[in-house]
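Q: Next come a sequence and a model predicted from it.
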Amino acid sequence: MEFVAIVTVLALLQYIYFAVLVGQARGKYGVNGPAVTGHPVFERYFRVQMNTLELLVVLVPGLWLFARYVSPLWSAVLGAVYLVGRFIYLRAYVADPAQRGLGFGLSMLPTLALLLGALVGALLQVF
Amino acid sequence: MEFVAIVTVLALLQYIYFAVLVGQARGKYGVNGPAVTGHPVFERYFRVQMNTLELLVVLVPGLWLFARYVSPLWSAVLGAVYLVGRFIYLRAYVADPAQRGLGFGLSMLPTLALLLGALVGALLQVF
Amino acid sequence: MEFVAIVTVLALLQYIYFAVLVGQARGKYGVNGPAVTGHPVFERYFRVQMNTLELLVVLVPGLWLFARYVSPLWSAVLGAVYLVGRFIYLRAYVADPAQRGLGFGLSMLPTLALLLGALVGALLQVF
């Protein structure tokens, strides 16, 4: 389970890094809290952070349930794909929100695979 | 614990479904990312997703702590009530935000019951 | 692990309390859902809730991974510092967003310590 723990912490640290980027964008583009709008580039950083938050809430239970009912190793591998996908998503979204598809897919698909794998694994244990 | 795992995954899949509805509402009502305002019906779908995210962050630890310190079976039952309550909430909020009370209660109350039950169960183990 | 469970539940109940304050601020300052802007004081309560949500997503896995790989007791202690820090953050942010630094630090630093400690602990088990 250690690799699952390491991937979990890295995903959470990546998210904190995205939040730090939002804080820097506040200063750079002059958007003071509590406002979350006011400059289009700031809003991109903010949406990346929020979208990552939305995905993390699903990813973390997915990693642990998949590890428990399917495979800890494959859980960590799918989590590593998510990590790379989120960095691609960040770069693409900030450059041009219309180009966010690849990074979104590379972080959403492993998350869905974790969830569905965990569901099947848990159902197989019941029946 | 398998039933708790299944309910957890279903709650996360329900949330992803709500996020897909937000994406569809973006297209239907012409609200392009990163904007999250611009059409009242889009904003209702978006608030449903955000409100569900807010509740999930509490629900998932609640399900597992209640299962650990009180009862896995009742944890899954309360989680099932939450699932139904969230679907009622979605339908009501999109139709008319003022009618969201029942669905809100049916998803908030089981979440609170999980938390308070887990707290009492853990305190009883300590003292 | 009971103390970690108790701190986890208290952090989730604190967050629900912050959400209740947002609901009260909706009434007091006349900001009806789904709107999340419209009055500066309402927006402060809303940002406190959202910022706490963002931190909780990191805190809860951090508490449990730190407890697992480092120390349950110190996990609970760091979680207790977080709880106090969040109450200071609430009071300061609502009074004056520019004064939020102390409460932010007292809730962010223990969260980071939990994450980094868990990462080191898990890495030490692998190597």
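A: All right, it came through fine.

Q: can we go C-alpha only for contacts and neighbour counts from here?
A: Will do.

Q: What sits closest to the residue in chain A that chain C sits nearest to if chain neighbours are left out?
A: Nearest residue of chain A to chain C, counting by CA to the nearest CA: A:Glu2, 5.5 Å away. Closest residue to A:Glu2 apart from its sequence neighbours, by CA to CA, 6 or more residues apart in numbering or on different chains: C:Ala122 at 5.5 Å.

Q: The one you found: neighbour count?
A: 23 (other CA atoms under 10 Å in any protein chain shown).

Q: One more: A:His39?
A: Look at A:His39: counted by other CA under 10 Å, it has 13 neighbours.

Q: What are the phi and psi values at it?
A: Dihedral pair for A:His39: phi -150, psi 130, per degrees, to the nearest 10.

Q: ok, it touching A:Asn32?
A: No. At 10.9 Å, A:His39 does not count as touching A:Asn32 under the criterion of CA atoms under 8 Å.

Q: Output the contacting helices and strands for whichever strand or helix holds A:Met50.
A: For A:Met50, the element it lies in under DSSP states H and E is helix A:40-69. Helix A:40-69 makes packing contacts with helix A:2-29, helix A:72-95, helix A:101-126, helix B:2-29, helix B:40-69, helix C:40-69 when contacts are defined by 3 or more CA pairs under 8 Å, 6 or more residues apart in numbering or on different chains; DSSP states H and E.

Q: Please report how far the spatially most central residue of chain A lies from A:Leu90.
A: Closest to where the C-alpha atoms of chain A average out (CA atoms, centre = their mean) is A:Thr52, at 4.3 Å. Distance from A:Thr52 to A:Leu90, counting by CA to CA, to the nearest Å: 9 Å.

Q: Pull stretch A:93-105 out as CSV, backbone CA atoms only.
A: Output of stretch A:93-105 as CSV, limited to C-alpha atoms (Å, rounded to 0.1, in the frame of the first residue of the first chain):
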residue,chain,number,x,y,z
TYR,A,93,-5.8,25.3,-19.8
VAL,A,94,-3.7,28.3,-18.9
ALA,A,95,-2.4,28.6,-22.5
ASP,A,96,-5.8,28.1,-24.1
PRO,A,97,-8.8,26.6,-22.3
ALA,A,98,-10.0,25.1,-25.7
GLN,A,99,-6.9,22.8,-25.7
ARG,A,100,-7.6,21.2,-22.3
GLY,A,101,-9.0,18.0,-23.7
LEU,A,102,-5.9,15.7,-23.6
GLY,A,103,-4.9,16.7,-20.0
PHE,A,104,-8.5,16.3,-18.9
GLY,A,105,-8.8,12.9,-20.4
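
Q: secondary structure class for A:Asn32?
A: Here A:Asn32 takes the coil state, with states given by DSSP: H, G, I helix; E, B strand; the rest coil.

Q: and chain A, which of its residues are near chain B?
A: Contact residues, chain A versus chain B (CA under 8 Å from any CA of the partner chain): A:43-44, A:47, A:54, A:57-58, A:61-62, A:65, A:97, A:115-116, A:118-119, A:122-123, A:125-126.

Q: Where does chain A get nearest to chain B, residue-wise?
A: Closest point on chain A to chain B, by CA to the nearest CA, is A:Ala122, at 5.4 Å.

Q: got a list of what that residue touches?
A: Counting by CA atoms under 8 Å, 6 or more residues apart in numbering or on different chains, A:Ala122 makes contact with A:69, B:2-3, B:5-6.

Q: what sits against A:Ala5?
A: C:65, C:118-119, C:122.

Q: can I get those residues in a markdown table with pLDDT and distance to A:Thr111?
A: Below are these laid out as a markdown table (pLDDT from 0 to 100; distance: CA to CA, whole Å):
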| residue | pLDDT | distance to A:Thr111 |
| --- | --- | --- |
| C:Leu65 | 97 | 20 |
| C:Ala118 | 97 | 22 |
| C:Leu119 | 97 | 21 |
| C:Ala122 | 96 | 22 |
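
Q: how many neighbours does the closest residue to A:Val60 other than its chain neighbours have?
A: Ranked by CA to CA, 6+ apart and with sequence neighbours excluded, the top spatial neighbour of A:Val60 is A:Thr8, at 6.5 Å. By other CA under 10 Å, the residues close to A:Thr8 number 29.

Q: Test for you: state the pLDDT assigned to A:Thr8.
A: Note for A:Thr8: predicted pLDDT of 98.

Q: That one and C:Ile16, how far apart?
A: Counting by CA to CA, the gap from A:Thr8 to C:Ile16 is 25 Å.

Q: do the same with A:Leu102
A: In terms of CA to CA, A:Leu102 sits 36 Å off from C:Ile16.

Q: between the two, which one's more packed in?
A: Shown here are A:Leu102 and C:Ile16; by other CA under 10 Å, C:Ile16 has more neighbours (19 against 14).

Q: re earlier: what distance do you get for the residue of chain A closest to chain C to A:Arg68?
A: 12 Å.

Q: need the contact list for A:Tyr69.
A: A:Tyr69 touches A:118, A:121-122, counting by CA under 8 Å, 6+ apart.

Q: pretty sure A:Met1 is touching A:Trp74, no?
A: No. Using CA under 8 Å, A:Met1 and A:Trp74 do not qualify as a contacting pair, with a distance of 10.8 Å.
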